[in-house]
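[1] Pasting a predicted model and its sequence here:
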Amino acid sequence: MKSIEVVAGIIEDNHKIFATQRGYGEFKGAWEFPGGKIEPGESREQALARELKEELSIDVSVGDYLCSVNHDYPNFHLLMHCFFCKIIGGKPTLLEHESAKWLGFQDFRSVEWLPADLSVIDILEKQFSTSNR
């Protein structure tokens with residue numbers, strides 16, 4: 001089975017997280033954390049900053065590592081590394097996604113997440129319920 005390694009940004013602002021809806025491909029319409037593939041020679045943090053610039057036209061400060069998720073989709077295995085991010089320049093502009101929204105803690109499950117991203121939501125719910133994030 002093909003294996004894909006990606007990074008994803010948990011973009012935070014005012015106790016909310018930024019979710020994006022896929023605008024293309026097999027999972028079109030599902031919700032995810034924005035990010036993408038790591039290019040040769042890039043660190044995970046560099047890849048995430050580049051991907052968020054390409055996908056959303058924003059500059060971010062990549063912060064704390066949250067988790068890595070392994071998930072088997074029907075046609076590939078995904079390894080996704082997730083980091084908290086803050087926007088330090090620009091406003092999110094949807095260049096590849098169909099839609100986006102800021103979700104508060106109570107709204108995390110109001111959208112249909114991709115399965116790997118849903119694993120991240122489980123972790124975030126635990127963190128948000130026990131911290132001041």
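    Now that the structure is in, tell me what you want to look at. Residues are numbered from 1 along each chain as shown.
[2] what's the pLDDT at the closest residue to residue 72 other than its chain neighbours?
    Nearest residue to residue 72, sequence neighbours excluded (CB to CB, 6 or more residues apart in numbering): residue 1, at 7.3 Å. All C-beta spots, glycine's among them, are computed from the backbone N, C-alpha and C. pLDDT for residue 1: 88.
[3] Neighbours of residue 1, how many?
    8 (other CB atoms under 10 Å).
[4] Report the central residue of the protein.
    When CA atoms, centre = their mean is applied to the chain, the residue found nearest the centroid is residue 33 (2.1 Å).
[5] what about residue 40, distance to residue 19?
    Residue 40 sits 29 Å away from residue 19, going by CB to CB, to the nearest Å.
[6] Those two: who's more crowded?
    Per other CB under 10 Å, whichever of residue 40 and residue 19 has more neighbours is residue 19, with 24 against 4.
[7] which helices and strands sit right next to the helix or strand containing that one?
    Per DSSP states H and E, residue 19 falls inside strand 16-22. Judged by 3 or more CB pairs under 8 Å, 6 or more residues apart in numbering; DSSP states H and E, strand 16-22 is in contact with strand 2-13, strand 31-32, strand 97-104.
[8] Can you show me the CA trace of stretch 104-123 as CSV?
    In CSV, the C-alpha atoms belonging to stretch 104-123 read as follows (Å, rounded to 0.1, in the frame of the first residue of the first chain):
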residue,chain,number,x,y,z
GLY,A,104,-15.2,26.8,18.8
PHE,A,105,-14.8,23.9,21.2
GLN,A,106,-18.5,23.1,21.2
ASP,A,107,-18.6,23.2,17.3
PHE,A,108,-15.7,20.8,16.6
ARG,A,109,-18.1,18.0,15.6
SER,A,110,-20.4,20.2,13.6
VAL,A,111,-18.7,19.3,10.3
GLU,A,112,-17.9,15.9,8.6
TRP,A,113,-14.2,15.5,9.2
LEU,A,114,-11.9,13.1,7.3
PRO,A,115,-11.2,10.0,9.4
ALA,A,116,-7.6,10.9,10.1
ASP,A,117,-8.6,14.5,11.1
LEU,A,118,-11.3,13.1,13.4
SER,A,119,-8.6,11.4,15.4
VAL,A,120,-7.0,14.9,15.9
ILE,A,121,-10.4,16.3,17.0
ASP,A,122,-10.5,13.6,19.8
ILE,A,123,-7.1,14.8,21.0
